[in-house]
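K.L.:
have a look at this fold, sequence not included:
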């Protein structure tokens, strides 16, 4: 499946992405400063490139039907540069991660722009907007996202497209001696529609 929107493309995972994933865990690692940096050191230490490649290749053997709901997409620029990914997962009504069988019901979206050369150029906003629109196309309009209070780029983007804080956990994370809140946002549909209409008219990026 492929979704083109403005300067980005959302698409399914492919074999060539495995090399990028490995590089994003071993060389191009600046993005970890924003995505759960308190876990980064442990993740790097436990990462095994050969094992990751083997697992990824096995997953690619499971072909997805075009009508099957996509929980994640890879992000390319319109020129075909692979720069990151978006994903969706379920939280329960108390904003804890849970599968549907255990009470997960709130579709919660995440994004990583892993190529730092493509930060602050609008690609994240475009990809997140397209991913939200994809959920709408599947009848999902009750949409959430979550981050931590030190992730200023994510907070700015979430608010820009129409998310509002609906829950926060004070002093949830400690990083380099400083405490940060955990934030959950819910999409305000009216705000998103206003943003979307203006965005598609290129009134601002």
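P.N.:
Looks like it arrived, so ask away. Keep in mind that what you see is a predicted model, and the values were worked out from it rather than measured.

K.L.:
bridging residues for the nearest residue to residue 9 once chain neighbours are set aside?
P.N.:
Nearest residue to residue 9, sequence neighbours excluded (C-beta to C-beta, 6 or more residues apart in numbering): residue 76, at 4.4 Å. Where C-beta positions appear, they are placed from N, C-alpha and C, glycine not excepted. Residue 76 forms beta bridges with residue 9, residue 82, as assigned by DSSP bridges.

K.L.:
measure residue 76 to residue 12 for me?
P.N.:
Between residue 76 and residue 12 the distance is 11 Å, computed by C-beta to C-beta, to the nearest Å.

K.L.:
higher neighbour count, the two?
P.N.:
Neighbours were counted for residue 76 and for residue 12 using other C-beta atoms under 10 Å; residue 76 has more, 21 against 15.

K.L.:
that one touches residue 82, doesn't it?
P.N.:
Yes - under the contact definition of C-beta atoms under 8 Å, residue 76 touches residue 82, with a separation of 5.5 Å.

K.L.:
least trustworthy helix or strand in the protein by mean pLDDT?
P.N.:
Taking mean pLDDT, DSSP states H and E as the measure, the chain has helix 40-46 as its least confident helix or strand, at a mean of 87.

K.L.:
how far does the lengthiest strand in the chain sit from the chain's center?
P.N.:
In the chain, with assignment by DSSP state E, the single longest strand is strand 163-175. How far strand 163-175 lies from its chain's middle: 17 Å, per C-alpha atoms, centre = their mean, to the nearest Å.

K.L.:
try stretch 141-149
P.N.:
Centre to centre, stretch against its chain (C-alpha atoms, centre = their mean), the figure for stretch 141-149 is 10 Å.
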